[in-house]
Each structure stands twice: as C-alpha cells, then as structure tokens.
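Asker: Quick one, what's the 3D model for this:
(2 chains)
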Amino acid sequence: MTQSTGIDRSAIRRGITDALPLYVPAVPFALVIGLAIVEAGLDPLAGWSGSWLIFGGAAQLTLVTLLGSGAAVIAAITAALVVNARHLMYSAALAPTFQSQPTWFRWVGPYVLIDQMFALASIEAQGSDPVTFRSYYLAAGATFWTLWQLTTALGIVIGPAVPEEWNLEFAVPLLFIGLIVIGIDRWTKVVAALVGAGVTYMAAGMPNRTGLLVGALAGILVGTIAERFGR
Amino acid sequence: MTTFIASLIVGLGTYVSRAVFILALAKRRIPDPVMVSLQFVAPAVLAALVISVLTNDDGTVAIGIPELAAFIAGGATVYKTRNHILTLVVGMTVFWALRALL
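Answerer: This next block holds a predicted model:
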C-alpha cells in the first residue's frame, strides 16, 4: 500500500537530531573544499556549484583539486566519477525499501544519498512504515544538504584570508588519509590502498595526472583478487 | 565555465549511481563479483589521490619526511578517535613542525 501523502512529525524531529551530530566530522571536510576551490584558482561560484550539483564531498574535492593542478578535464571528471561509484552499493541496498515509496520520492531520495544518509537510512528502514521512513529521510537529507551548502561557502569566504605559508592545501591529502583509515574494516582494503598509492607513484610521470586512474584501477583489481584468494 | 560543466557532468553521474537501483533496477541485484570490487573503489581511489595531489608538474612526487610523518600521525589519530577535526590538527601540526626543523 503506497501512501504518497502524510508526514510523521516526530520522525522529522528525529531525522534532524540524528543528522546534526553526524555532520560534525564533515565540517572540516566542507571547509577544506572551500579552501581548495580558492587555492585551485577556480571561479568561486563555479567551484561552489559542485556543492549542489554533485552533493558529495570526496568527488567534489577530487574534481576541484585535479582541475586546479592542471589535470586533463576528462581525467578529473573520470576520477571524480570513480570516487562516487561506491554509491551503486547504497542504491542497491536501499532499493527494496524504496519500492514501497511514491514515484516522486524515488526520484528525490537518491539525490541526497550521501555516506551518512546511507548509514541512517539503513537503520531507519528496519521496521518503520513508509510515511515514517520518508519523513525521517527527507528531514535528515535536508539537514545535511543545507549545512553542506553553508559550510562549503564559508570555506570559500575564509579561504583567501589564510596565509599561503601555512600550506593548508596539505589538509587535502591528510583528509583523504583519514577517510581511507575510517573505511578500512579488513586487511584487503589496506592492500587496495597500498597498491593504489604505489602504482600511482610509479605512474606519476604520465601526462595530465592520468596515472591516478591507472593506480586506482590497479588497487581495485588487486584488492578484489586478494579478497577472492586470501581467505 | 569548464568548472561548472565538469561539476554538472560529475553531478549527473553521481545521481545515476545513487538512483539506478532505486528507480529502475529494484528487482535486479548487483552481481556478487562487482559488489566485491565496489568495496575497494574508495580505498584504492583515495590512496591514488593522495599521491596525485602531491605530484608536481614535472611528474615528481613531493612526499618527504614531513608529509610521511603527518600521514602516520593523522592516520593514527583518526584510527583512535574517528575525529576528522583532531586528525587535521595533529597532522598539520606534525607537518609544520617537521618542515620548520628539517
């Protein structure tokens, strides 16, 4: 029974209060993206447009840093898309839950399906009715979305005030290291990361930073092989 | 303009990857081997990016002792605390300190 109308006010409140603490770790990330847009010398407004066009931090950061470092545009786009390919997993995992939702929500919902949303939604999907799930999902998604637009814009505004000798652009690879470590739940992911870094290092001389794609593919491949044969 | 168009393309691609199963293929499952590979996308790409953003235009990679030490200190901090803010503080402090000393 698809109920296409109706809201659950308590679910909306829960959505907002669950999203707020989860957003805290994303604040430095958003600020670094703002700084990276400024450092890359990109048009601030065009750089910030990625915040709502993409609404995904790792891909946006990948895109702006690579565009700013003189990579081929195609290589930058490809790298950003590869970064976001993990969302296929989220889409597949939540598809059964969305089956009982109206069409408009099945179009809107995926737009805000960021890592944190997936974490919240997969918990909420267990045992809540469609109206409650939808209210919760939209409230949490809108909270993340609004904060993201504001904090990335803030990073762009304060970016020019940061002295160049602080070398704050080093915060970008540092954040990537943080994301890698947080995502590691078994040794095969360590292998994938090491191979990804090692091959990119060896391929660093390739034109337009395309070595990054070679390294990433090698990491994915070796990680998959290790998973298959390493048990 | 290039930046906006590039963001638009990445945005569309990202939306498709988030929506494809929810909108169109709800009855289909991702084949298991693909599912396994997808889990390695994030660590492999992010690690490749770490190297790529530290690569100079002449193809040399600018990773010295300050960078390596900052990665180790930052990695250990995030492993212990899961806190990105603290990780940035610790990592940048180690980076600045070693760069000033060496």
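Asker: Now for residue A:107, how many residues are close by?
Answerer: Neighbours of residue A:107 under the rule other Cβ atoms under 10 Å in any protein chain shown: 13. Heads up, the C-betas are built off the backbone N, CA and C, glycines and all.
Asker: Pull the number of nearby residues for the closest residue to it other than its chain neighbours.
Answerer: Excluding its sequence neighbours, the residue lying closest to residue A:107 (Cβ to Cβ, 6 or more residues apart in numbering or on different chains) is residue B:23, at 6.8 Å. By the measure other Cβ under 10 Å, the count of residues near residue B:23 is 18.
Asker: Residue A:165 too?
Answerer: For residue A:165, using other Cβ under 10 Å, the count is 7.
Asker: quick one, what contacts it?
Answerer: The neighbourhood of residue A:165, defined by Cβ atoms under 8 Å, 6 or more residues apart in numbering or on different chains, contains no residues.
Asker: Pop out the phi and psi values for it.
Answerer: phi -70, psi -10 (degrees, to the nearest 10).
Asker: just to revisit the earlier point, wait, the residue nearest to residue A:107 sits on residue A:110?
Answerer: Yes. Using Cβ atoms under 8 Å, residue B:23 is in contact with residue A:110, at 7.1 Å.
Asker: Name the SS class of the residue of chain B found nearest chain A, please.
Answerer: Nearest to chain A in chain B, going by Cβ to the nearest Cβ, is residue B:44, at a distance of 2.7 Å. The three-state label given to residue B:44 by DSSP: H, G, I helix; E, B strand; the rest coil is helix.
Asker: where's the residue in chain A positioned nearest to chain B, which helix or strand?
Answerer: Nearest residue of chain A to chain B: residue A:219, at 2.7 Å (Cβ to the nearest Cβ). Element membership for residue A:219 (DSSP states H and E) is helix A:211-229.
Asker: domain parsing for the chain?
Answerer: Going with chain A. A:9-161, A:184-229 (automatic domain parsing).
Asker: Switch to chain B, please.
Answerer: According to automatic domain parsing, the ranges for chain B are B:1-29, B:40-101.
Asker: May I see those arranged in JSON lines, with mean pLDDT as well?
Answerer: JSON lines is the format used below for the domains of chain B (pLDDT from 0 to 100):
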{"stretch": "domain B:1-29", "mean pLDDT": "89"}
{"stretch": "domain B:40-101", "mean pLDDT": "90"}
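Asker: what about those domains, which gets the closest to residue A:19?
Answerer: In terms of Cβ to Cβ, the element of the domains of chain B nearest to residue A:19 is domain B:40-101, at 16.5 Å.
Asker: which helix is the longest one in the chain?
Answerer: Went with chain A since none was named. helix A:130-158 (DSSP state H).
Asker: Hmm, no, I was thinking of chain B.
Answerer: helix B:2-23.
Asker: Mind giving me the packing neighbours of that one?
Answerer: Here helix B:2-23 touches helix A:44-53, helix A:57-68, helix A:73-83, helix A:87-98, helix A:103-108, going by 3 or more Cβ pairs under 8 Å, 6 or more residues apart in numbering or on different chains; DSSP states H and E.
Asker: tell me what the helix or strand hosting residue A:182 is packed against?
Answerer: Assigned by DSSP H and E, residue A:182 falls within helix A:171-183. For helix A:171-183, the elements it packs on are helix A:26-39, helix A:57-68, helix B:41-53, helix B:65-81, helix B:84-101, judged by 3+ Cβ pairs under 8 Å, 6+ apart.
Asker: ok, residue 64 - contacts?
Answerer: I'll assume chain A. So residue A:64 contacts A:33, A:36, A:37, A:40, A:42, A:47, A:50, B:3 (Cβ under 8 Å, 6+ apart).
Asker: oops, I was thinking of chain B
Answerer: residue B:102.
Asker: now do 6 Å
Answerer: By Cβ atoms under 6 Å, 6 or more residues apart in numbering or on different chains, the contact list for residue B:64 is empty.
Asker: Now it, what are its backbone angles?
Answerer: According to degrees, to the nearest 10, residue B:64 has phi -120, psi -160.
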